[in-house]
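J.: what follows is a protein structure lacking sequence information:
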C-alpha cells in the first residue's frame, strides 16, 4: 500500500492519503484510494477499474470507470499516452497524454476531453542515494504551464498561477 502526506496552497489542509493497486495477469487494474483530512476528519474515497492495452501506435491505452465518494457518480474514461524518448539512455522524454471522461447517465450525454504535453528529465544519483525527476508541462484543461520536481520521497508541483502542492511518500 502506498501512503503519503499531502498539502496544497489552495485548501491549506494536510491530508493522509492511501492507495492500493490490484493488478491481474491480463492487465486489469483495480485502484482503491482514500484521503483523510487531518483538520476536519473528512474522508474522501475513489475506486477505479481499468483495462490497460499496449498497442504499437501508443505507449499505453486505458479504458475504465471511476467512482468518487464526493461526487457520487460513476465516470467512464478512455486515456492514452505516447512517449517519445529524446535521449539514447531514456532519461529525457516527451510525453503526450490525452483522456476523455464521460458520465453515461447524464442527459444530454456529455463528456470532457483533456490533453497534456510533458517534457521529463530523470537524473539518477543527483546526490548520494538521491534521484531527481524534473517535469514541465502544459494542460489543455486549464491552459496552464506546470512544473514538477520529484525526489525519492518528496514531490513539489507548481503551476503558473502560483498554486502549489507538496507530497511526502511514507
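T.: Looks like it arrived, so ask away. Remember, it's a predicted structure, so these values are computed and weren't measured experimentally. Numbers count the residues shown, from 1 in each chain.

J.: relative to residue 50, how far out is the residue lying closest to residue 54 once chain neighbours are set aside?
T.: Leaving out its chain neighbours, the residue that sits closest to residue 54 by CB to CB, 6 or more residues apart in numbering is residue 60, at 6.0 Å. All C-beta atoms are positioned from the backbone trio N, CA, C, and that covers glycine. Separation of residue 60 from residue 50 (CB to CB, to the nearest Å) stands at 11 Å.

J.: just residue 147 next, same as before
T.: 27 Å.

J.: quick one, which of those two is more surrounded?
T.: Taking other CB atoms under 10 Å, residue 147 and residue 50 do not tie; residue 50 has more neighbours (17 against 14).

J.: mind checking pLDDT for the more buried one?
T.: Here the pLDDT value assigned to residue 50 is 97.

J.: what's it in contact with, if anything?
T.: 28, 29, 31, 62, 63, 64, 65, 77 (CB atoms under 8 Å, 6 or more residues apart in numbering).

J.: what's the closest non-adjacent residue to the last one?
T.: It stands for residue 77. Spatial nearest neighbour of residue 77, excluding adjacent residues (CB to CB, 6+ apart): residue 101 at 4.9 Å.

J.: let me see the mean pLDDT of the host helix or strand of that neighbour.
T.: Assigned by DSSP states H and E, residue 101 belongs to strand 92-103. The average pLDDT for strand 92-103 rounds to 96.

J.: I figured residue 7 hits residue 16, correct?
T.: No: in this structure, residue 7 is not within contact of residue 16 by CB atoms under 8 Å, at 10.8 Å.

J.: in this structure, which residue is most central in space?
T.: residue 97 (10.9 Å; CA atoms, centre = their mean).

J.: separation between that residue and residue 112?
T.: For residue 97 relative to residue 112 (CB to CB), the value is 15 Å.
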